[in-house]
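Q: Quick check, what structure comes out for this input:
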Amino acid sequence: MNKLIADFQQNFLDESRWHYLANGLKTTLIITFFAVILGFVLGFLVAIVRSTHDKTGKMKILNALCRVYLTVIRGTPMVVQLLITYFVIFGSVNIDKTLVAVLAFGVNSGAYVAEIVRSGIMSVDNGQFEAGRSLGLSYRQTMISIVLPQAFKTVLPALANECIVLFKETSVAGYIAIQDLTKGGDIIRSQTFSAFMPLITVALIYLIMVVVLTHLVGKLERRLSQSDRR
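A: Coordinates of the predicted model:
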């Protein structure tokens, strides 16, 4: 017991090392928040292009570009994409590392969001499209007013789970020297030469955040299922 107290004192209280974890968690949440927004915007655009091509045969060139994007992003590791973004794409530019991380994680998440949303759009019965057209709505108006709201409700739990996955994936941001939560724990370890306490604490923080987010997703799913039964 005394050893645990001494380890806690050394790893977190001495020289206020707990600030590494607090600041790291703040950076992780910032990256996650803005990457989620970017991923959702990009994913919805790609999903609309892909589903429009599947239903109408239009947008062939854009659909081909989207397919390449999805294949490349989903077929390569996230950490490699992060390194390429920082050292290759922005290698000769003085740019904030957090912004690079947001772009890299957002573009990666967009590929998965696109397939989630596309599956939701394709699950909407074609009769909904025909009903919209019979009311005099254009394809775009039908998509925005009728199809997307139904698809969004269907895939909302899956999108929420994608946010959780993205939150955990940001743990590799330290590869470009960003002091995120994981990097904060590693800095403490390098200063105290004690691996157990800082790394276990980092894992517990991730676990608590994921449990809270999972609980919120579960409440969302139950609320949606209740509204469906009404």
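Q: who touches the residue nearest in space to the middle of the chain in this structure?
A: With distances taken as C-alpha atoms, centre = their mean, the residue of the chain nearest its centroid is residue 166 (3.4 Å). By C-beta atoms under 8 Å, 6 or more residues apart in numbering, the contact set of residue 166 is 32, 35, 36, 39, 105, 109. Where you see a C-beta, it was placed from the backbone N, CA and C, and this is true even at glycine.
Q: How much space separates it from residue 189?
A: Residue 166 sits 25 Å away from residue 189, going by C-beta to C-beta, to the nearest Å.
Q: same deal with residue 214?
A: In terms of C-beta to C-beta, residue 214 sits 28 Å off from residue 189.
Q: Those two: who's more crowded?
A: residue 189 (17 against 13; other C-beta atoms under 10 Å).
Q: Backbone dihedrals for the more buried one, please?
A: phi -60, psi -40 (degrees, to the nearest 10).
Q: Could you check how far it is from residue 201?
A: 10 Å.
Q: Then residue 53?
A: Distance from residue 53 to residue 201, by C-beta to C-beta: 48 Å.
Q: Residue 58: what secondary structure?
A: Secondary structure, DSSP: H, G, I helix; E, B strand; the rest coil: residue 58 is coil.
Q: How about it: what's its closest non-neighbour residue?
A: Excluding the flanking residues, the one nearest residue 58 by C-beta to C-beta, 6 or more residues apart in numbering is residue 52, at 6.0 Å.
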